[in-house]
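Peer 1: requesting a structural model of the entry that follows:
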Amino acid sequence: MLSFRSVVLALAVTALSLPIRREVPQEHSHNSILAAVRTSLNLNNPAQIVDPVFALLGNAAAIGGAGKITDPDCLQQAVADQAFTNAKAANDATGMVNALIFRALERNTGKVGLASNSCTTITATNPQIAAIQQHQDPASTNAATVNKAIVLELAKQIASVGGDPQLALKSGTFAPGNLNDNTGKGNTCDDANDTVGCIFTQNLLVPDATAAEISAAVGGVSAPSVAVQSSSATATAPAVAIALTTAAASATATCPPPVTVTVTAGSTTSTATANVAVASVTSSSSLGSFGKCTVPQIEFGVGFDGRKETSFQPVDKTSYNHGSAQNIQIITQFICDQVQTGCGGDATAEATCLKAQTAALAVTAKTGGQADAFNAVFGITTDFAAIAPVSDQGVTQAVVAAGSTPAAAAATSTAAATTAAVAATTTAAAASSTTTSTATSGQNLQTFTGALGGVSAPPVTASGSGFAVQGNSNFVNLAAALGRSCDVQHNQCADKANSGGGFSVGQCDTQDTQCRALIN
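Peer 2: Numbering: from 1, shown residues only. The predicted structure is shown next:
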């Protein structure tokens, strides 16, 4: 008997063999969401759906795993609806949020630029699911507007069940493929072995909206006062930040108060007190108020998100839900954006975070000392500088003793001076923040210099709380902006190749890979 993986592979190979221009399969691009929904669906699966992955395939392949669902256009909605129902019955807010995100994921279609059909024959039992449609191929007609509306609606529904509405951005898809690219490659990825999802680990996701737009969209949405955490949760941070309110909460509090969470498992009920803030870290008035989030902290090491090389990631994934990156600026920018838009931090907290960004950049790139410098601004002492950096090829490099290089010494001095300046006065910190932003706003952050056929990647510059790609949209995080810059270059390069430029689209693909390699 064929295994499930063999069946899916056979279906994918069959689809790829069709003589039409199409996007490559992408059903595993959001694997972490897929896995979470699989867990919820398996709690009760009356329609006998084989696996949620079939819902993301094209219709011809999807029907093979649809169970009792006869309309493949409705399979994705059916999976999400049942998973949401099961999670709701289990008081699993995280499961409900993942089901909502799954409903909004893009499905495979027959070719680049082809939109998928809406479900018209089945009505979802949960109004939250019924309110959401799937993302459309980013190269399809009016896709940017359509997908933005989908994300904003998704954010509202996530907020309505007590989740962090910013997680709606995780449902995003790739940069638009080239309709005239005869290779049909598109801008996708599909790695069944990437448990996080290659769209995240390869920084391929293009946000459909800004964090500010999401916050504005959910302004009038009321959420449950307390969302009960699933009894299946582990000791690690949950995948979604659940909004919690208590009688002790105050608009002027400098850090979230302790909350009591009751978890029911079987016939027994236990009550435990959990502090939302990371242990040993306390927000103070000199650092500012970080709203509903903890004081930022970054860690450095090997193995994050399955990486073989050293990288950086936020310590508290509940407050700062972002994957790992080799470039610490990707992490620090996301954290500081989150402090401003997702956490509800005040001006002092924003200024402190910007100072921490500056301190991290003063240390040798891709070393643990950068994390130490960032953390020191918040009064947190770490020693990640003692961890030997490991390259993409798995080669361990020598550890540079803390303070033994001018860069390290400068970082230590910068961190100390920053902490003192922030403690002294809010005005001084804010003014310094403005100066720093002004000094770096015009710098081109796109470092790739390849220009096949005379086509360069468009510049990426800091713009307010995000990043701007010349001639394109603004982005919340640097990785997405750099990715779009590479995509623009790739598409223009392919256009020139197809117009007799004297080189092939394959060479453009190779250049695009080189461009993206610099993002991490």
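
Peer 1: would you map the strands across this protein?
Peer 2: 259-265, 268-274, 298-302, 310-314, 460-463, 466-469, 474-475 (DSSP state E).

Peer 1: pretty sure residue 198 is touching residue 191, no?
Peer 2: Yes: using Cβ atoms under 8 Å, residue 198 makes contact with residue 191 at a distance of 4.3 Å. Heads up, the C-betas are built off the backbone N, CA and C, glycines and all.

Peer 1: shared neighbours, the two?
Peer 2: Counting by Cβ atoms under 8 Å, 6 or more residues apart in numbering, the residues touching both residue 198 and residue 191 are 28, 29, 31.

Peer 1: could you list the low-pLDDT ranges of the stretch 251-400 of the chain?
Peer 2: 251-285, 399-400 (pLDDT under 70).

Peer 1: revised request: answer the last question for the chain.
Peer 2: Checking the chain against pLDDT under 70 turns up 1-25, 181-186, 220-285, 399-441, 464-465, 472-477, 520.

Peer 1: which one is residue 297 nearest to, not counting chain neighbours?
Peer 2: Among residues not flanking residue 297 along the chain, residue 315 sits closest, at 4.2 Å (Cβ to Cβ, 6 or more residues apart in numbering).

Peer 1: re earlier: just the shared contacts of residue 198 and residue 191 now: which is nearest residue 299?
Peer 2: residue 31 (23.0 Å; Cβ to Cβ).

Peer 1: so that closest one versus residue 305, what's the distance?
Peer 2: 11 Å (Cβ to Cβ, to the nearest Å).

Peer 1: with neighbour numbers in mind, choose between those two.
Peer 2: Neighbours per residue (other Cβ atoms under 10 Å) separate residue 31 from residue 305, with residue 31 holding more: 22 against 16.

Peer 1: residues in contact with the nearest residue to that one once chain neighbours are set aside?
Peer 2: With sequence-adjacent residues excluded and distances taken as Cβ to Cβ, 6+ apart, residue 31 is closest to residue 197, at 4.3 Å. The contact partners of residue 197, by Cβ under 8 Å, 6+ apart, come to 28, 29, 30, 31, 32, 33, 34.

Peer 1: repeat that with 7 Å
Peer 2: Residues in contact with residue 197 (Cβ atoms under 7 Å, 6 or more residues apart in numbering) are 29, 30, 31, 32.

Peer 1: by neighbours, which of those wins?
Peer 2: Neighbour counts for the contacts of residue 197, by other Cβ under 10 Å, peak at residue 30, which reaches 28 neighbours.

Peer 1: list the buried ones in the longest helix anywhere in the chain?
Peer 2: Taking DSSP state H as the criterion, the chain has its longest helix at helix 478-498. Applying a neighbour-count criterion of 16 or more other Cβ atoms under 10 Å, one finds 478-498 buried in helix 478-498.

Peer 1: again, but for stretch 127-138
Peer 2: 128, 129, 130, 132, 133, 134, 135, 136, 137, 138.

Peer 1: run a quick neighbour tally on the closest residue to the fourth one other than its chain neighbours.
Peer 2: Among residues not flanking residue 132 along the chain, residue 103 sits closest, at 4.6 Å (Cβ to Cβ, 6+ apart). The criterion is other Cβ under 10 Å. On that basis, residue 103 has 30 neighbouring residues.

Peer 1: would you agree residue 103 is in contact with residue 128?
Peer 2: No: counting by Cβ atoms under 7 Å, residue 103 stays clear of residue 128, with 8.8 Å between them.

Peer 1: give me the common contacts of these two.
Peer 2: With Cβ under 7 Å, 6+ apart as the test, residue 103 and residue 128 reach no residue in common.

Peer 1: ok, back up a step: which neighbours do residue 31 and residue 305 share?
Peer 2: Overlap of the contact sets of residue 31 and residue 305 (by Cβ under 7 Å, 6+ apart) consists of residue 196.

Peer 1: so which of the buried residues of stretch 127-138 belong to helices?
Peer 2: Using DSSP H, the buried residues of stretch 127-138 in helices are 128, 129, 130.

Peer 1: now distance to residue 170 too, for those, in a markdown table please.
Peer 2: Formatted as a markdown table, these follow (distance: Cβ to Cβ, whole Å):
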| residue | distance to residue 170 |
| --- | --- |
| 128 | 16 |
| 129 | 17 |
| 130 | 21 |
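
Peer 1: and which of those residues is nearest to residue 365?
Peer 2: Nearest to residue 365 among those is residue 128, at 43.4 Å by Cβ to Cβ.

Peer 1: and the closest one, how close does it get to residue 159?
Peer 2: Taking Cβ to Cβ, one finds residue 128 at 10 Å from residue 159.

Peer 1: would you map the helices across the stretch 101-250 of the chain?
Peer 2: Using DSSP state H, counting those that start in this stretch, the helices of the stretch 101-250 of the chain run over 127-130, 143-160, 198-201, 211-217.

Peer 1: ok now the second one, how far from the chain's centre?
Peer 2: Between the centre of helix 143-160 and the centre of its chain there are 15 Å (Cα atoms, centre = their mean, to the nearest Å).

Peer 1: for the remainder of this discussion, apply numbering that starts at 453.
Peer 2: Let's use 453 as the start, then, which means that last one is helix 595-612.

Peer 1: what sits up against it?
Peer 2: Outside helix 595-612, the residues that touch it by Cβ under 7 Å, 6+ apart are 549, 552-553, 556, 580, 583-585, 587-590, 616-617, 619-621, 623-625, 660-661, 665-666, 669-670, 673, 675.

Peer 1: what residues sit buried inside it?
Peer 2: 595, 598-600, 602-612.

Peer 1: number of residues surrounding residue 523?
Peer 2: 17.

Peer 1: likewise for residue 847?
Peer 2: Around residue 847 there are 9 other residues, counting by other Cβ under 10 Å.

Peer 1: list phi and psi for it.
Peer 2: Backbone torsions for residue 847, taken as degrees, to the nearest 10, come to phi -90, psi 120.

Peer 1: which non-adjacent residue is nearest residue 899?
Peer 2: residue 970 (5.6 Å).

Peer 1: my read: that neighbour touches residue 902, true?
Peer 2: No: if you go by Cβ under 7 Å, residue 970 and residue 902 don't touch, sitting 9.9 Å apart.

Peer 1: quick check: closest non-adjacent residue to residue 943.
Peer 2: residue 630 (4.9 Å).
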